[in-house]
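> Next come a sequence and a model predicted from it.
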Amino acid sequence: QVQLVESGGGLVQAGGSLRLSCAASGRTFSSLAMGWFRQAPGKEREFVAAISWSGGSTRHADAVKGRFTISRDNAKNTVYLQMNSLQPGDTAVYYCAAGRFVATITSQYVDWGQGTQVTVSS
């Protein structure tokens with residue numbers, strides 16, 4: 001089991017940027033794929049981005065391609081989500097998750113963080 005703690009959320013104006021971090025505890029972090037998901041009020045949790053254990057493979061949702069970038073630092077047991085050109089539609093609670101493979105569905109991830117709120121004002 002891996003414990004995950006997100007940080008870096010907040011309130012930002014449209015067009016602004018934020019960088020989310022997800023710190024993991026446990027010795028297995030470098031062997032895990034990591035994902036970011038988000039959930040807006042009244043909506044289902046949706047895939048944002050994922051990265052393989054080595055960082056050599058990434059995947060981004062169409063809605064964030066070209067604006068968001070996932071990365072990781074295995075020496076720091078941390079995965080990041082750089083978010084640029086933020087829009088009001090990006091407002092949600094953002095969650096990081098750990099799993100065995102790069103995947104876009106929630107059921108493929110075993111461990112989840114508590115989430116961090118991102119609010120984008122127009």
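That came in fine, so what should we check first?
> State the distance from the residue lying closest to Ser121 once chain neighbours are set aside to Val64.
Using CB to CB, 6 or more residues apart in numbering and skipping the chain neighbours, the partner closest in space to Ser121 is Gln13 (5.5 Å). Backbone N, C-alpha and C define where each C-beta goes, glycine included. Counting by CB to CB, to the nearest Å, the gap between Gln13 and Val64 amounts to 18 Å.
> For the two, indicate the residue with more neighbours.
More crowded of Gln13 and Val64, by other CB atoms under 10 Å: Val64, with 22 against 10.
> Quick one: residues contacting the more buried one.
Neighbour list for Val64: Val48, Ala49, Met83, Asp90 [criterion: CB atoms under 8 Å, 6 or more residues apart in numbering].
> run the last query once more with 10 Å
Contact analysis of Val64 by CB atoms under 10 Å, 6 or more residues apart in numbering lists 36, 38, 47-49, 70, 81, 83-87, 90.
> Please tell me the pLDDT value assigned to it.
Model confidence at Val64, given as pLDDT, is 98.
> for Tyr95, same thing?
Here, the pLDDT recorded for Tyr95 equals 98.
> wouldn't it be in contact with Val5 here?
No - using CB atoms under 10 Å, Tyr95 makes no contact with Val5, being 11.1 Å away.
> Name the residues contacting each of these two.
With CB under 10 Å, 6+ apart as the test, Tyr95 and Val5 both reach Cys22, Gly113, Gln114, Thr116.
> neighbour-wise, which of the contacts of Val64 leads?
Counting neighbours by other CB under 10 Å, Leu81 leads the contacts of Val64 with 28 neighbours.
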